[in-house]
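# coords below, sequence missing:
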């Protein structure tokens, strides 16, 4: 046991657990070599002794950085809560990575071209063993660049536009926005709402019904569910859904405008499903100003504002996203970030998680 006044060492852990130094080392570096019961016992002793592995020594031995890189944007980036979601994701990712002895390195970029240059430098300098990309889009150049350079990476976001999401070669983890807005729409219908509008960002839509973005994914969840519940399945060429869907920018002001446009088109409107908490806040404030507090509103992100203003919202479950990302890149246990042959190892390369509807 560690003497009072000094930090615990790997020797202290081995003695307290009644195992060899090699076994303790394997628990951290090659957990698959250790029996599950022994591994769990050692990890419990590690927790009790508050032991921290010597990461510098491990990096020297493995010639790896034991780190992941992820991009962060300024909170001044357009989008009232974009910074909130990103900050929360990076926090959860850092916490989950620390439990595996992995560092998270943040980098910034003002454009896709600049980001590719940043990625080149990170790879060349060997400052990171893997990359986690965020905010993916159709024909994303970052994906092709990292695939070409054979770098372990994962995207928090689907390969938008792909007909078969699970056939793409790169790994990803994402939130099923369509299932979230579908659940929110069904919840409002169950409450007795019959004129359920939608306030979104996009103004154009794919002709084949395959979502091209986060916004369209959430829109289609509302549209398809509203159509089924009301018995008025709409044509794909009719994104307006008889005036019940309006689109604008990601801002509170745009949410206010959406509220006015929806009421102009549907005077007996009784609920709105919003693409984000930003739009939901704008709708809420405008309905209150107009004396229409009875109109129900749901948002997306379950941000602090949704909690403060008391409207229902969809929680993205970012702790699960972070754990899933690390499991894809590193396996269920262990601390080695590696390029995985998912087909050969019969492991999951893609994870689509359902958001949780928080009703208020």
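Perfect, thanks for sending it. This structure is a prediction, so every number in the text was calculated from the model and none was measured. Numbering: from 1, shown residues only.
# flag the shaky bits of this protein, pLDDT-wise.
For the chain, residues meeting the criterion pLDDT under 70 lie at 1-7, 29-30, 32, 53-65, 74-83, 203-208, 232-242, 345.
# next one: the strand or helix carrying residue 219 to chain centre, how far?
Residue 219 belongs to helix 214-230 when assigned by DSSP states H and E. On the basis of CA atoms, centre = their mean, to the nearest Å, helix 214-230 sits 21 Å off its chain's mean C-alpha point.
# so which residues of this protein form helices?
10-17, 21-29, 36-49, 55-62, 82-98, 112-125, 141-148, 177-190, 214-230, 252-265, 277-289, 304-309, 318-330, 342-345 (DSSP state H).
# for those, which one ends up most surrounded?
Comparing the helices of the chain by mean neighbour count (mean count of other CB atoms under 10 Å), helix 277-289 comes out on top with a mean of 24. (Each C-beta comes from the backbone N, C-alpha and C, glycine too.)
# looking at it, residue 303 is touching residue 277, isn't it?
Yes - at 4.5 Å, residue 303 and residue 277 qualify as touching, with contact defined as CB atoms under 8 Å.
# walk me through the domains of the protein.
Here the domain assignment for the chain is 10-53, 67-174+317-354, 177-315, based on automatic domain parsing.
# got CSV for those, with distance to residue 360 too?
Shown next, in CSV, are the domains of the chain (distance: least, CB to CB, whole Å):
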stretch, distance to residue 360
domain 10-53, 36
domain 67-174+317-354, 17
domain 177-315, 5
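# contacting residues around the nearest residue to residue 27 once chain neighbours are set aside?
Distance criterion CB to CB, 6 or more residues apart in numbering; nearest residue to residue 27, sequence neighbours excluded, is residue 42 at 4.7 Å. Counting by CB atoms under 8 Å, 6 or more residues apart in numbering, residue 42 touches 13, 17, 19, 23, 24, 27, 34.
# repeat for residue 351
Contacts of residue 351 (CB under 8 Å, 6+ apart): 172, 173, 174, 324, 328.
# quick check: phi and psi at the closest residue in space to the third one that isn't next to it in sequence.
Distance criterion CB to CB, 6+ apart; nearest residue to residue 174, sequence neighbours excluded, is residue 158 at 4.7 Å. Main-chain dihedrals, residue 158, degrees, to the nearest 10: phi -70, psi 160.
# quick one: residue 158 and residue 165 touch, right?
Yes - applying CB under 8 Å, one finds residue 158 in contact with residue 165, separated by 5.6 Å.
# more neighbours, those two?
Between residue 158 and residue 165, counted using other CB atoms under 10 Å, residue 158 has the larger neighbour count: 23 against 16.
# hang on, the earlier thing: mind putting the helices of the chain into a markdown table with distance to residue 357?
Shown next, in a markdown table, are these (distance: least, CB to CB, whole Å):
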| stretch | distance to residue 357 |
| --- | --- |
| helix 10-17 | 43 |
| helix 21-29 | 39 |
| helix 36-49 | 34 |
| helix 55-62 | 40 |
| helix 82-98 | 17 |
| helix 112-125 | 33 |
| helix 141-148 | 31 |
| helix 177-190 | 5 |
| helix 214-230 | 12 |
| helix 252-265 | 20 |
| helix 277-289 | 13 |
| helix 304-309 | 12 |
| helix 318-330 | 15 |
| helix 342-345 | 31 |
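# of those helices, which is nearest residue 72?
Nearest of the helices of the chain to residue 72, taken as CB to CB: helix 82-98 at 6.0 Å.
# now residue 46: how far from residue 187?
Using CB to CB, to the nearest Å, residue 46 is found at 44 Å from residue 187.
# residue 336 now?
Per CB to CB, residue 336 is found 43 Å from residue 187.
# kindly report the same for residue 8.
Separation of residue 8 from residue 187 (CB to CB) stands at 50 Å.
# hmm, back to that, hey, what's in contact with both of residue 158 and residue 165?
By CB under 8 Å, 6+ apart, the residues touching both residue 158 and residue 165 are residue 352.
# for the nearest residue in space to residue 193 that is not next to it in sequence, the count of nearby residues, please.
Nearest non-adjacent residue to residue 193, counting by CB to CB, 6+ apart: residue 271, 3.9 Å away. Counted with other CB under 10 Å, residues neighbouring residue 271 total 22.
# tell me the contacts of residue 271?
Counting by CB under 8 Å, 6+ apart, residue 271 makes contact with 188, 191, 193, 195, 196, 197, 295, 296, 297, 298.
# the third one contacts residue 294, doesn't it?
To tie it back to what came earlier, the one meant is residue 193. No - with contact defined as CB under 8 Å, residue 193 and residue 294 do not form a contacting pair (10.2 Å).
# now for the contacts of residue 351, which pair is the farthest apart?
Farthest-apart pair in those is 174 and 328; separation 11.7 Å (CB to CB).
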